[in-house]
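J.: Sharing a model prediction with you, sequence too.
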Amino acid sequence: MPRPSKHTDEALVRAALELLPLTGVSGLKVRAVAARAGVNLGMFHYHFRGKREFTRRVLAAFYGGFFSRLSGELAALEEKSPRERLKRALIVIACFIRDNRGVVLSLLRDVIDGNREVAAFLREHFPRHAVILVGLIRECQKKGFIRPMPVPVVIAMLAPNVVSPAAGIGILERVAAGTPLGIPLALFRSMLVSEKAFEERAELVLKALAARPGRSDAVAPPPRAPQRTFRQGRNVTVALPPRDGAR
């Protein structure tokens with residue numbers, strides 16, 4: 001009897017990823033996955049012991065694609081400054097979320113709804129890219145590209161401004177019809193989630209994080225009016241208030 005194709009399991013994983021934006025992990029059905037992949041249900045059970053094992057394989061494929069791209073792009077920038085590598089890492093993350101926003105939003109919904117499988121997977125794998133970001137931020141601080149401040153504060157500045165709109169546009173697409181705020185959705189996408197938009201916001205935030213007191217970009221205090229003084233006695237000097245109109 002011929003052996004089953006070794007690509008059948010990959011077809012099932014691809015089919016699941018196509019269904020996830022609609023179902024999430026919680027609503028994913030094995031029969032629907034097999035039908036989507038054009039595979040007999042028995043072939044699913046040949047390759048996977050059950051839905052739990054299959055779910056982990058699907059999530060691993062999803063995250064693995066992202067992590068491979070992030071690692072590859074940063075390796076290509078190994079000779080660049082930590083600031084350039086951090087900026088590129090933010091853009092890669094934002095682009096991945098934008099391109100897979102349906103899956104990302106469905107996984108967030110699963111976590112909010114208490115899906116333990118998804119939560120456990122994220123706890124296991126999220127630190128892999130988080131460690132890279134934290135390392136780049138600390139390297140930037142050491143080189144003077146980012147002012148000294150707690151790393152969580154830096155991330156709180158970077159993530160909402162650079163990365164969050166990539167998922168936010170997915171929410172807007174689901175709840176807003178036509179032209180939200182009088183602006184076509186296509187224009188929203190161009191303004192918020194194009195690679196150019198990600199790059200511009202990353203540059204703006206990194207510049208803001210680099211500002212330090214005493215630099216030319218710091219706001220100088222207003223000049224003080226000169227004081228008038230006179231000597232009282234041998235060693236006592238008394239300051240007088242400025243004349244009327246002097247500020």
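T.: Okay, I see it. As the structure is a computational prediction, the values presented were derived from the model and not from experiment. Numbers count the residues shown, from 1 in each chain.
J.: and the host helix or strand of Ala60, what other elements does it pack with?
T.: Under DSSP states H and E, the secondary-structure element containing Ala60 is helix 51-76. Using 3 or more Cβ pairs under 8 Å, 6 or more residues apart in numbering; DSSP states H and E as the contact criterion, the secondary-structure elements in contact with helix 51-76 are helix 8-23, helix 30-37, helix 82-99, helix 116-143. All C-beta atoms are positioned from the backbone trio N, CA, C, and that covers glycine.
J.: name the helices or strands packed onto the helix or strand following the longest one?
T.: Using DSSP H and E, the helix or strand that follows helix 116-143 towards the C-terminus is helix 151-158. If contacts are counted by 3+ Cβ pairs under 8 Å, 6+ apart, helix 151-158 sits against helix 116-143, helix 195-210.
J.: Can you give me the buried ones in whatever helix or strand comes next after helix 151-158?
T.: Using DSSP H and E, the next helix or strand after helix 151-158 towards the C-terminus is helix 164-175. For helix 164-175, the neighbour count (16 or more other Cβ atoms under 10 Å) marks 165-170, 172-173 as buried.
J.: what would those look like in TSV with distance to Ala11 and pLDDT?
T.: Rendered in TSV, the data for the buried residues of helix 164-175 read as follows (distance: Cβ to Cβ, whole Å; pLDDT from 0 to 100):
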residue	distance to Ala11	pLDDT
Pro165	33	90
Ala166	28	90
Ala167	28	89
Gly168	32	87
Ile169	30	86
Gly170	26	86
Leu172	32	81
Glu173	28	80
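J.: for this protein, which spans come out with low pLDDT?
T.: 1-6, 177-178, 180-181, 211-247 (pLDDT under 70).
J.: Between the buried residues of helix 164-175, which sits nearest Val39?
T.: Each of the buried residues of helix 164-175 was checked against Val39 using Cβ to Cβ; the closest is Gly170, at 28.9 Å.
J.: So for stretch 26-33, what gets flagged as buried?
T.: Going by neighbour count (16+ other Cβ under 10 Å), the buried part of stretch 26-33 is 28, 30, 33.
J.: how far is that stretch from where the chain is centred?
T.: Centroid separation between stretch 26-33 and its chain, computed with Cα atoms, centre = their mean, to the nearest Å, is 29 Å.
J.: next one: stretch 132-143
T.: 16 Å.
J.: how far out from the middle of the chain is stretch 187-201?
T.: Stretch 187-201 has its average C-alpha position 14 Å from the chain's average C-alpha position, going by Cα atoms, centre = their mean.
J.: Number of residues surrounding the nearest residue to Lys29 once chain neighbours are set aside?
T.: Sequence neighbours aside, Thr23 is the residue nearest to Lys29 in space, at 7.4 Å (criterion: Cβ to Cβ, 6 or more residues apart in numbering). With neighbours defined by other Cβ atoms under 10 Å, the count for Thr23 comes to 15.
J.: Thr23 touches Ser106, doesn't it?
T.: Yes. With contacts counted by Cβ atoms under 8 Å, Thr23 reaches Ser106, the gap being 7.2 Å.
J.: At the geometric centre of this protein, which residue sits there?
T.: With distances taken as Cα atoms, centre = their mean, the residue of the chain nearest its centroid is Val163 (3.6 Å).
J.: quick one, what contacts that one?
T.: With Cβ atoms under 8 Å, 6 or more residues apart in numbering as the criterion, the residues that contact Val163 are 90, 93-94, 97.
J.: let's see it at 6 Å
T.: By Cβ atoms under 6 Å, 6 or more residues apart in numbering, the contact set of Val163 is 93-94.
J.: quick one: Arg36 from Asp110, how far?
T.: 19 Å (Cβ to Cβ, to the nearest Å).
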